[in-house]
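Undergrad: Here's a sequence, model it:
(2 chains)
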Amino acid sequence: MKKISILLMALILLISLLSGCSALSQKDNRANTFTILSASENKEIEPIIQQFAKANHINIQMDYKGSVDIMQALKKPSGYDAVWPANSMWITMGDTKHVVKLQKSIMTSPVVFGIRKSVAQKLGFVGKNVSIKDILKAIQTKKLTFAMTSATQSNSGASAYIGFLSALLGDPQTITSAQLQNPGLRDQMRTLLSGVDRSSGSSEWLKNLYLKGHYDAMVNYESVIISTNQELTKQGREPLYVVYPQDGLSIADSPLGYVDNGNASKEGQFKKLQNYLLSDKIQRELLKYGRRTGIGGTVTNASSKVFNPNWGIDTQRVLSPIHMPSADVIRSALDLYQTGLRKPSFTVYCLDFSGSMAGGGQDQVVKAMDLLLNQNKAKSSYLQASPQDITVVIPFSDHVKAEWSVDGNSEQQLMTLDNQIKNLDADGGTDIYSPVMDGIKKLSSVDLSKYSPAVILMTDGQSNTGRTFNDLKRTWQQAGKDIPVFSITFGDASDAQLNKISDLTNAAVFDGRTDLVAAFKKAKGYN
Amino acid sequence: MRNKIIGIAILLLIIGGTFAFLVLNGKNNAKGPAPSKTVTVLKGYIGSEKEGLLSDPAIQNLLKNDFGVQLDYAKAGSIAMVEGSTKGQDFLFPSSQTALEIFKQKQPDAIAANRVEFNSPLVLYSWDTVTNALIKQGIVQERNGTDYVVDMPKLISMVNSGKKWADIGLPSLYGNVNIQSTDPTQSNSGNQFAGLLADILNNGQVVDDSTVQKVLPQIKTYFGKQGYQQTGSGDIFEQYLTTGVGAYPLIVGYENQLIEFAAQNPQKWQQVKSKMRILYPVPTVWSSHTFIALNDKAKVGLNALASTKIQNLAWTKHGFRSGDANVVNDTSKLPVSGIPSSIDQVIGVPKPSVMDTIINALKAH
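TA: Now for the predicted structure:
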């Protein structure tokens, strides 16, 4: 009997010990995870990072964000171990706390226009030096439209936009705040940006969009154009021809910097990773991904299958970028883009206020919408409305509960809308299709050369009543316009249902389960 | 009962043993350096051009083993670091005595000791094609077939004239002839370049209180046209190297940066040495890397850096000339040619109060 009791005790103690062990090792794992806050276009080369992680038994987690978000993240303690934006400018502007060190450029890629080759030929851009002014002319005469990331969310969009400004100002040595006030410049810039047929918050996603849809051109990194072309060729489709605008070029220098949180072993891991990425072997590997490596801006030993001259890729050309304006001017230029120059947004939010949203879910949606509608808050993420924007909110459950609309950026009207959302009750079942169809119908009558349209659907449940996907498909096809329906998932939302909508409408699904507010910000950044 | 006690004792042993195992195992996993004798950790700010030196394991080991000191640094611009908060810091390591003087004015009681540890002249970095074009313009000269000198007054007047690169035979370069530097209000190399520019605009006389107002408008115009500027001398050099002649035809840097790069990246140096050019401005200014101990504890760092062993490594691997003006550094020990053994034709940087006037005017811009 005694023996049994001892054995039992031993067992209990062992079990508790073992469970303690596993808790301990889990904690150990988290401390062993090396997190990198990275620009989205590095997703393509993540296999190279993970190879290193595996060989060195380090758990590396890449967190992809736009460069502007990366800049903002650096301003406060973030818990990241390293930062890897597209351009060192964002570190300079964001690292006000001096936490970034050991910063080195890993590779470079110029921001270029990729234009469907037949279109480029028609425009006379093949084999010629092309200027921003030539491109502007093509846009004014409606011979060219292009997709570009939002200048206030992503480095490629910001770089291109500043390149446009510089060219339109007649190539000054640098852009000044005073020049930004020039009304003639603003008109020309609006015209140029009216040529944007689709926007996005991420350079990598823009490639996916291009592959899904039928677009003429996009502004992106040379490296992304290369990988897009590789895919297009595989599909037997026409490749993009690279145009290096000679008066508005910029180069992403892709700096990897260590974020010093005072952890010596992490610093050791960082140095190892950086040395690995800069080693000859990996630098050659990066060339295969269409990244320029090597020193002094010259690319040697590049494969012509990757840096394909038939695609207009020119490795011999001296890439001479414009000189970026000062940090203050960049900030005001971004504000100006957001509030006055970009193509206005026509955004329809369809917000799930069914019974299951009651409590926590509802609170988070209210918080997320407050961040977008309260202009003081929106401003800190460069998501504020412009005087031409139109914002529609359709709360729904198993039926459409209301439809509210604000034209422009009146702070008072947007606050009223914000309050209307705060006062909503969550009840009833879920029909995601009816509100989205209402949204599409609203957008179908809009002149898309004047507005950038989007439906942003947020839901936490399966659609189980009312309309169906086929109803929505019919409505979308009848509209006959490129109207994206972005979705944000929460709670028990059905990824299958939402992916179907996103595939149909060339949009994207954002995961709001871990951070709903961040997902709203991201979705809005695409419009 | 006794059996029970024995049982519990055995269990406790198991628990203890397992914990010991876990702890030891955890240590092995961390692969940290074995803790040796007591090491004094000093926290402080350094100019980015010294990051290569202070992150060099050879230097770190010397500091630790011979002097029992470890420098835990964060990067900051030399001017920014002396003007900002120094709370919690043991030392500052800016790149000039101007920074030291500014600090003396801001926090006169905060300095326990200071010493010029290293010197490096301000130079220009460029590329073969650009250098050749400037030779044709009579702005750059090859001296004794070994190194290149720049007639700074002539170069500055060409920049101010608004000439484009295309005008001097470089059509593939976009924009105006320009010398890119770091932000003079934050970083030392830019700051010293502003001082040099002021002297040159003052007809080669060191600017003082009576002449500074006269040259200020031109200095403001010059930097007003610079746009985005890096805040660290190490960062601009890094980008110059990576993106090359198209993006950075001509930049301001320290002499040590080229030597350090060549010593640390022998292979890359081979690839680029026929294209890279180091140009010695005439006149130029000295950058005096000054260690400021903020407490007595930090004096050990100050002495360690002045030791012969560190000074030798700092020269041959990182290109810093001695902080002791009597020491002549031996150029035959360097991995690069084209480095003169002594730097003459040096002009003084305007005194700190004058530099302060210049910095404040540029900040207000």
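Undergrad: Looking at chain B, which residue is nearest chain A?
TA: With CB to the nearest CB as the measure, residue B:244 is the residue of chain B nearest to chain A, at 2.3 Å. For the C-beta atoms, the positions are set from N, CA and C on the backbone; glycine is no exception.
Undergrad: Give me the below-cutoff pLDDT ranges for the stretch 151-300 of chain B.
TA: Within the stretch 151-300 of chain B, the set of residues satisfying pLDDT under 70 is empty.
Undergrad: where exactly do the helices run in it?
TA: B:152-160, B:188-201, B:212-224, B:233-243, B:255-264, B:266-272, B:299-306 (DSSP state H, counting those that start in this stretch).
Undergrad: want to try a markdown table for those helices, with distance to residue A:470 and mean neighbour count as columns?
TA: Output for the helices of the stretch 151-300 of chain B, formatted as a markdown table (distance: least, CB to CB, whole Å; neighbours: other CB atoms under 10 Å in any protein chain shown):
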| stretch | distance to residue A:470 | mean neighbour count |
| --- | --- | --- |
| helix B:152-160 | 67 | 18 |
| helix B:188-201 | 64 | 26 |
| helix B:212-224 | 62 | 16 |
| helix B:233-243 | 53 | 25 |
| helix B:255-264 | 64 | 23 |
| helix B:266-272 | 60 | 14 |
| helix B:299-306 | 74 | 20 |
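Undergrad: Centre-most residue in chain B?
TA: residue B:49 (2.6 Å; CA atoms, centre = their mean).
Undergrad: Skipping adjacent residues, who's closest to that residue in space?
TA: residue B:233 (4.2 Å; CB to CB, 6 or more residues apart in numbering or on different chains).
Undergrad: Name all residues that make contact with that neighbour.
TA: B:47, B:48, B:49, B:95, B:182, B:187, B:188, B:189, B:190, B:253, B:254, B:257 (CB atoms under 8 Å, 6 or more residues apart in numbering or on different chains).
Undergrad: how near is the closest residue to residue B:249 other than its chain neighbours to residue B:235?
TA: Of all residues not flanking residue B:249 in the chain, residue B:130 sits nearest, at 4.8 Å (CB to CB, 6+ apart). Using CB to CB, to the nearest Å, residue B:130 is found at 21 Å from residue B:235.
Undergrad: which two in the contacts of residue B:233 are spaced the farthest apart?
TA: B:190 and B:257 (14.1 Å; CB to CB).
Undergrad: Whichever residue of chain A sits closest to chain B: which element?
TA: Nearest residue of chain A to chain B, counting by CB to the nearest CB: residue A:297, 2.3 Å away. Of the helices and strands defined by DSSP states H and E, none includes residue A:297.
Undergrad: how about it, what does it touch?
TA: A:108, A:318, A:319, B:242, B:243, B:244, B:245, B:246, B:247.
Undergrad: can you put these in JSON lines and add distance to residue A:462?
TA: Formatted as JSON lines, the contacts of residue A:297 follow (distance: CB to CB, whole Å):
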{"residue": "A:108", "distance to residue A:462": "46"}
{"residue": "A:318", "distance to residue A:462": "57"}
{"residue": "A:319", "distance to residue A:462": "51"}
{"residue": "B:242", "distance to residue A:462": "51"}
{"residue": "B:243", "distance to residue A:462": "51"}
{"residue": "B:244", "distance to residue A:462": "55"}
{"residue": "B:245", "distance to residue A:462": "59"}
{"residue": "B:246", "distance to residue A:462": "55"}
{"residue": "B:247", "distance to residue A:462": "53"}
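Undergrad: closest to residue B:335 among the residues you listed?
TA: residue B:242 (20.2 Å).
Undergrad: count of neighbours near the closest residue to that closest one other than its chain neighbours?
TA: Counting by CB to CB, 6+ apart, residue A:105 is the residue found nearest to residue B:242 once chain neighbours are left out, at 4.2 Å. Residues lying near residue A:105 (other CB atoms under 10 Å in any protein chain shown) number 21.
Undergrad: Any chance of the backbone angles for residue A:105?
TA: Note on residue A:105: its backbone torsions stand at phi -70, psi 130 [degrees, to the nearest 10].
Undergrad: Pretty sure it sits against residue A:251.
TA: No: in this structure, residue A:105 is not within contact of residue A:251 by CB atoms under 8 Å, at 9.8 Å.
Undergrad: tell me, what's touching those two both at once?
TA: With CB under 8 Å, 6+ apart as the test, residue A:105 and residue A:251 both reach residue B:243.
Undergrad: hang on, the earlier thing: what's the distance between the residue nearest to residue B:49 and residue B:131?
TA: For residue B:233, the distance to residue B:131 - CB to CB - is 21 Å.
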